[in-house]
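[1] Generate coordinates for the sequence data below:
(chains A and B)
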Protein chains: 2
Amino acid sequence: METLRWENGTLYILDQTALPLQVSYLAAKDYRKVVEAIRRLAVRGAPAIGVAAAYAVVLAALEFGREGAGGFLARLETAANEIRKARPTAVNLDWGVRRQLAVAGEKRSCAPQEIVEALLAEAAAIAAADQEGNKAIGMHGAALLPRGASVLTHCNAGSLATSGYGTALGIIRSAHAAGKIKMVYAGETRPLLQGARLTCFELRRDGIPVTLITDSMAGYLMARKGLDAVIVGADRIAANGDTANKIGTYSLAVLANYHGVPFYVAAPFSTVDPDMPGGAGIPIEERGAEEVTHFAGEPVAAAGTVVWNPSFDLTPGQLITAIITEKGVIYPPYHITDRADGR
Amino acid sequence: METLRWENGTLYILDQTALPLQVSYLAAKDYRKVVEAIRRLAVRGAPAIGVAAAYAVVLAALEFGREGAGGFLARLETAANEIRKARPTAVNLDWGVRRQLAVAGEKRSCAPQEIVEALLAEAAAIAAADQEGNKAIGMHGAALLPRGASVLTHCNAGSLATSGYGTALGIIRSAHAAGKIKMVYAGETRPLLQGARLTCFELRRDGIPVTLITDSMAGYLMARKGLDAVIVGADRIAANGDTANKIGTYSLAVLANYHGVPFYVAAPFSTVDPDMPGGAGIPIEERGAEEVTHFAGEPVAAAGTVVWNPSFDLTPGQLITAIITEKGVIYPPYHITDRADGR
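    Predicted structure coming up:
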């Protein structure tokens, strides 16, 4: 099942808000529709929104190219800024857009049609590299797991969050292929239930044993059943290893620390933001109260209930046993200054 | 709003599964209906189900008395065993039933009508003592909180979980009356959302400031906003302080420990089970998968998803800063051998 598919000038986006009950695609011919899809989480997961953003730039270029060459690059930059602001936390969004602006900049003396072609090639290259990178992450990470491993994951850092294969779930896929996985526990990931809706769906399709738990069960799971690892994805990693990821990740890191369970972060190198020395500067998106007070449009809490709804949290590098990227495994103390784009 | 009300041979049970959207009462004239209400959580909370169980014994006695004196006490004991098995974890259920059997035993030479009257008086006394005890818990606990306190609670240990006032929420009510509460954070308490549905409802009715969070936000809340205390109820407390309470409590205790936040357990003394030296012997109820895979009857996870759904977890005594009962505040190391019923 493809998360994103480009065909004839249209980006087809798997609508993840409807999973697992419905498999349907949104057809985006306008970059604004991609921005909207990112905002309402039809496409989510840091690597996937990086790729979606790169294709959104292609759609903008197609539109401005059709409307003539006048002010093409300036208009493209304005659109690019709109795209990169769709959501604040995942750095991959900004990274995907910057890669496209660099391509457009290099081709600035060319005709719009030529620029569009270069952007399209770049978007496809980003998607292909993401998928290939995921497999390398899977291989590096699987090597860290023992045979008969029970692992816990949070949210969905799977093929649905990437161009395919997945980061945290890429490691689980590789480990399963190597016969190492006894059980995957998936935290349901309130408020939007990406664990229940997406991770269980993905793993069951692949025949990987998975047990769903509520997020509140993680501590008791570690104490009662034991775990060999917690593996999560990332939305942004600071140079010192501090990691922004789906809300609930930090609690899992503290719990893993207390129980002596290794806590791994799996992410493509493009998730590292070396401009951010520590996590304190990473913007943490806060979303509407309805995500918590309502369920499928129906209220569960009394009308007017006040909510705090951060979508992400920050896990300090010192609670992370290792960060697993396509380049290999990084251990603390973290001091990550390389740039994914070689700047 | 009364959780339980006895009137003319009928136990009226506030149906908590319908809150906060509907306020409706089940009218139970048959003890089996009370058992059913306890099982499906129409009435829940350890102290409240202790009181409900005591009234259920009254209903059984009324029924067997109407049917004649033959085998009255034996039939009452059989019904009592059915009532005490409605749910396994909260010891108050067993305690309420045992108190009634002791009353019936003392009156064994009396006519059924006289026994019924004694049982009814005992049930009313249990309910009254529970409410009075809650106020004492509130007073003892409030004294431990600083002014301007931000506190986190889990599930609902409020007036809805007791005969009125509440245990954890009793402390919060007392502290609020003393002008000490800045903010109460309520964990929504998946899977059945007692925090969102009941605690927010109760506190808002009383004008106590409350902010709802998902359970997964607790760690980040402690790190980002700071907390002065976590206060929870209990379903059973072993002699060494190990405490069974709503699933998610243990994770909160570990998180509080890591952040240096005091972690308080509030419960009537009847929640202590001195026959249980440690928590390992406390039966932990596991409930059906649908509580996690479905929401208001609608599936959220793919069909066939496997679930682990313990309703409670165990928090070791050493993670509990203090246990607050109506008799006062108990500090570790715990060695609680007194019996609530003075046996």
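
[2] and the stretch 1-150 of chain A, which of its residues are near chain B?
    Contact residues (C-beta under 8 Å from any C-beta of the partner chain) of the stretch 1-150 of chain A with chain B: A:20-21. Where C-beta positions appear, they are placed from N, C-alpha and C, glycine not excepted.

[3] The stretch 1-150 of chain A: strands as residue ranges?
    Ranges of strands within the stretch 1-150 of chain A are A:4-7, A:10-14, A:25-28, A:149-153, based on DSSP state E, counting those that start in this stretch.

[4] Give the pairing partners of the first one; include direction for each.
    So the one you mean is strand A:4-7. strand A:10-14 (antiparallel) (DSSP bridges).

[5] Return the set of buried residues in stretch A:38-45.
    A:38, A:41-45 (16 or more other C-beta atoms under 10 Å in any protein chain shown).

[6] Make JSON lines out of the residues you listed and add pLDDT.
    Output for those, formatted as JSON lines (pLDDT from 0 to 100):
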{"residue": "A:I38", "pLDDT": "98"}
{"residue": "A:L41", "pLDDT": "96"}
{"residue": "A:A42", "pLDDT": "97"}
{"residue": "A:V43", "pLDDT": "97"}
{"residue": "A:R44", "pLDDT": "97"}
{"residue": "A:G45", "pLDDT": "96"}
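
[7] tally of neighbours for whatever residue of the stretch 1-150 of chain A ends up closest to chain B?
    Shortest the stretch 1-150 of chain A-to-chain B distance, computed as C-beta to the nearest C-beta: residue-wise this is A:P20, at 4.1 Å. Neighbourhood size, A:P20 [other C-beta atoms under 10 Å in any protein chain shown]: 20.

[8] quick one: the strands in the stretch 151-300 of chain A?
    Using DSSP E, counting those that start in this stretch, strands in the stretch 151-300 of chain A cover A:181-187, A:210-213, A:229-232, A:236-238, A:243-246, A:263-266, A:272-273, A:294-295, A:298-299.

[9] do you know which of these lies nearest B:P310?
    B:P310 lies closest, by C-beta to C-beta, to one member of these: strand A:210-213, at 8.9 Å.

[10] So what are the sheet partners of the closest one and their directions?
    strand A:181-187 (parallel), strand B:306-307 (parallel).

[11] Which stretch among the ones you listed is buried most, on average?
    strand A:181-187 (a mean of 24; mean count of other C-beta atoms under 10 Å in any protein chain shown).

[12] Other residues contacting that one?
    A:145, A:148-155, A:172, A:175, A:195-196, A:199-200, A:203, A:208-215, A:217-218, A:221, A:227, A:248, A:252, B:216, B:308 (C-beta atoms under 8 Å, 6 or more residues apart in numbering or on different chains).

[13] What is the subsequent helix or strand relative to it?
    Using DSSP states H and E, the helix or strand that directly follows strand A:181-187 along the chain is helix A:194.

[14] Mind giving me the packing neighbours of that next one?
    Contacting helix A:194 under the criterion 3 or more C-beta pairs under 8 Å, 6 or more residues apart in numbering or on different chains; DSSP states H and E is no other helix or strand.

[15] what mean pLDDT does it have?
    Throughout helix A:194, pLDDT has a mean value of 97.

[16] For that helix, what is the distance to the chain centroid?
    Here the centre of helix A:194 is set off from its chain's centre by 12 Å, with C-alpha atoms, centre = their mean, to the nearest Å.

[17] The buried residues of stretch A:38-45: which two are farthest apart?
    Top of the distance list for the buried residues of stretch A:38-45 (C-beta to C-beta): A:A42 and A:G45, 11.5 Å.

[18] Quick one: the strands of the stretch 1-150 of chain A as CSV, columns for mean pLDDT too.
    Output for these, formatted as CSV (pLDDT from 0 to 100):
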stretch, mean pLDDT
strand A:4-7, 97
strand A:10-14, 98
strand A:25-28, 98
strand A:149-153, 98
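
[19] okay if I get the ones you listed as a markdown table plus mean neighbour count?
    Putting the strands of the stretch 1-150 of chain A into a markdown table (neighbours: other C-beta atoms under 10 Å in any protein chain shown) gives the following:
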| stretch | mean neighbour count |
| --- | --- |
| strand A:4-7 | 16 |
| strand A:10-14 | 21 |
| strand A:25-28 | 17 |
| strand A:149-153 | 24 |
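
[20] Of those, which is nearest B:Y31?
    strand A:149-153 (42.4 Å).

[21] Show me the contact partners of that closest one.
    By C-beta under 8 Å, 6+ apart, strand A:149-153 touches A:145, A:168-169, A:172, A:175, A:180-187, A:195, A:199, A:218, A:221-222, A:225-232, A:252.

[22] For ChimeraX, write the select line for the buried members of these.
    The following ChimeraX line selects those of the contacts of strand A:149-153 that are buried, judged by 16+ other C-beta under 10 Å:
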select /A:145,168,169,172,175,180,181,183,184,185,186,187,195,199,218,221,222,227,228,229,230,231,232,252
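
[23] Among the buried residues of stretch A:38-45, which ones are in helices?
    A:I38 (DSSP state H).

[24] which one of the buried residues of stretch A:38-45 is nearest B:E298?
    A:L41 (18.8 Å).

[25] How much space separates the closest residue to that closest one other than its chain neighbours from A:L198?
    Leaving out its chain neighbours, the residue that sits closest to A:L41 by C-beta to C-beta, 6 or more residues apart in numbering or on different chains is A:T17, at 6.1 Å. Noted for A:T17: a distance of 10 Å to A:L198, by C-beta to C-beta, to the nearest Å.

[26] of those two, who's got more company?
    The residue with more neighbours, out of A:T17 and A:L198, is A:L198; 28 against 15, by other C-beta under 10 Å.

[27] Just the pLDDT for that one.
    You'll see A:L198 listed with a pLDDT of 97.

[28] again, but for A:A303
    A:A303 is given a pLDDT of 86.

[29] What is the burial count for it?
    A:A303: 9 neighbours (other C-beta under 10 Å).

[30] if we can go back for a sec, turn the strands paired with strand A:210-213 into TSV, columns for distance to B:Y12.
    Formatted as TSV, the strands paired with strand A:210-213 follow (distance: least, C-beta to C-beta, whole Å):
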stretch	distance to B:Y12
strand A:181-187	39
strand B:306-307	34
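
[31] In a markdown table, list those strands along with mean pLDDT and distance to B:A266.
    Below are the strands paired with strand A:210-213 laid out as a markdown table (pLDDT from 0 to 100; distance: least, C-beta to C-beta, whole Å):
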| stretch | mean pLDDT | distance to B:A266 |
| --- | --- | --- |
| strand A:181-187 | 98 | 28 |
| strand B:306-307 | 98 | 30 |
